[in-house]
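Chemist: Provide a 3D model corresponding to the input given below.
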Amino acid sequence: MQRTVRDLGGDAVVKAQVWSTKRAAWGGIRLVASEEEARQVASELLGRKVGQFTIDRLLVEEKLSIAHELYAGVIIDDSARAPVVIFSSRGGSGIEEIAAEHPESVAKVTVDLTTGLLPFQARDLARAAGLDRRYLNKVADALVKLYQTARHCEARSAEINPLVITEDGRVVAADCRVTVDDYAVFRHPDLGIEIARELDRPPTQLDRIAYSVEKDDYRGTFYFIQMEEGFAPDDRYVGFHGAGGGGSMMSMDALLQHGFKVANFTDTSGNPPASKVYRAARIILSQSNLVGYFASGCGVASQEQFHSARGLVKAFREVPLSVPGVIRLGGNSEEKAIQIITDYCRDLAVVVEGYGKDDTPDFCADRLETLVAGAGKPGPGQVGWTNGEAKRPYRFESPTGWIQFDHDLCAQCDHKVCITECVPQILKENDDGLPVLAITKAEAQKGKCTECLACEVECWFHGNRGGYIDLPIEGLES
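Modeler: Below is the predicted model:
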């Protein structure tokens, strides 16, 4: 850093690099006049806590002789379904405050996506905000480049604050902020975005693990945010598993009203495969000192609820579950889902209850409170299941894991429930009456196997326990 300051002639600006606005107000932007002063500022800033961030890097920039500060921004206007460019001939920390106090200094234009922001539109915009005509062309050029940058990055917003005019007449972007659309991040690996989530803190290890599950699997939604770490059992934190935004918010409110706290927010909606619900449950349950597991979301979901039920059952038995659970699965085939939860969790060491759309979130939260109050210490229970060494294995890859049948066990099974309950109907009996693929292994791996988990979950309870599905979760075991 000292070399950079030296290269800049001794005068420089040192900026703390954290996700925080109004850095100047809390001392995160400092002017220095020498290498020694820069070293002193660095020692004061590095390691400092700002909100939930720790300053671990600094940006050193040229010190500018500023004659005038401006503001420029691009946002997506959802009502107009188009980008809007905003410009102000007055700088300041908040464009909202500027617009309220000096509306004559703010102008905006809605941009046609087919043409982009044209130079004459940018000049008209700057002129409408009262900019000195001497700088119209230079500022218009900066506005066009800002729009092009936002478009290239698929940003939800991009702003230069301040955009400055220097004493020698230059127009310089003195500080910039870009928010890339979460769903566009995968197209921009060059940006180095670690996790496409709008967080007000650095991502936790579980945030990273959960995002690694979601980022390359577009079948439905899996959204996980860890809301608290390092809590004790007496803190009454619950692992929360929702489905749909509105229903999930109502369900979390119900938990809070019953004296619980929410350790995480999770949403598996949009018709996710059972495998994604399973991974979500495993990640939720990896949090220490939970007192309960609460799954509740939309009461009229169009997705087949028995898929979610099977994903939960597989997770609960593998972990195994050690806290009581209340599972509300409202929507298509909810009766079958409730039966799966009720019957297949009956022998666990803790109580798990299943409910549907007619059972309110408040009622379900009340049931969880009752179960937690009487939970005591988990007993031994009966759990499954392990991936035993198959004597005669038949295996194939699924989109995110692999499936194995032990044909020695399958030969002694009369039910063939793995075939009858296979939702995509990709299994058949071979000449020996054993389950095999009715399609090619390549087709199964590319997505014709929907990972509905029936060939394991149903086989465990109604077959001869010859089916097993391995769904790895990178980083979770460590």
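
Chemist: Report the central residue of the chain.
Modeler: Nearest to the mean C-alpha position of the chain, counting by Cα atoms, centre = their mean, stands Y223 at 4.3 Å.

Chemist: Show the low-confidence segments of the stretch 351-478 of the chain, by residue range.
Modeler: Across the stretch 351-478 of the chain, the stretches falling below the confidence threshold (pLDDT under 70) are 376-388, 478.

Chemist: Can you list the residue ranges for helices in it?
Modeler: In order along the chain, the stretch 351-478 of the chain carries the following helices (DSSP state H, counting those that start in this stretch): 361-373, 407-410, 417-420, 441-443, 454-462.

Chemist: Of all the ones you listed, which one is nearest Q305?
Modeler: Shortest distance between Q305 and the helices of the stretch 351-478 of the chain, using Cβ to Cβ, is found for helix 454-462: 13.8 Å. (Each C-beta comes from the backbone N, C-alpha and C, glycine too.)

Chemist: Return the list of helices and strands in contact with that closest one.
Modeler: Secondary structure elements in contact with helix 454-462, counted by 3 or more Cβ pairs under 8 Å, 6 or more residues apart in numbering; DSSP states H and E, are helix 305-318, helix 334-344, strand 402-406, helix 417-420, strand 467-470.

Chemist: Just send these back as TSV, with distance to P233 too.
Modeler: Formatted as TSV, the helices and strands packed on helix 454-462 follow (distance: least, Cβ to Cβ, whole Å):
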stretch	distance to P233
helix 305-318	19
helix 334-344	24
strand 402-406	37
helix 417-420	39
strand 467-470	32
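
Chemist: most tightly surrounded among those?
Modeler: For the helices and strands packed on helix 454-462, the largest average neighbour count (mean count of other Cβ atoms under 10 Å) is found in helix 305-318, namely a mean of 27.

Chemist: returning to what we had before: so the residue nearest to the centre of the chain sits against D267, correct?
Modeler: Yes - taking contact to mean Cβ atoms under 8 Å, the distance of 4.3 Å between Y223 and D267 places them in contact.

Chemist: In contact with G331: list those residues for me.
Modeler: G331 makes contacts with 298-305, 357, as judged by Cβ atoms under 8 Å, 6 or more residues apart in numbering.

Chemist: looking at those, which has the most residues close by?
Modeler: Counting neighbours by other Cβ atoms under 10 Å, Q305 comes out on top of these with 27 neighbours.

Chemist: G401 versus that one, what's the distance?
Modeler: 22 Å (Cβ to Cβ, to the nearest Å).

Chemist: Ok, V60 next?
Modeler: 47 Å.

Chemist: If you count surrounding residues, which of these two has more?
Modeler: V60 (19 against 16).

Chemist: If the closest residue to C345 other than its chain neighbours is in a bridge, with which residues?
Modeler: Distance criterion Cβ to Cβ, 6 or more residues apart in numbering; nearest residue to C345, sequence neighbours excluded, is V352 at 3.8 Å. Under the criterion DSSP bridges, V352 forms beta bridges with G325.

Chemist: Cheers, nothing more for now.
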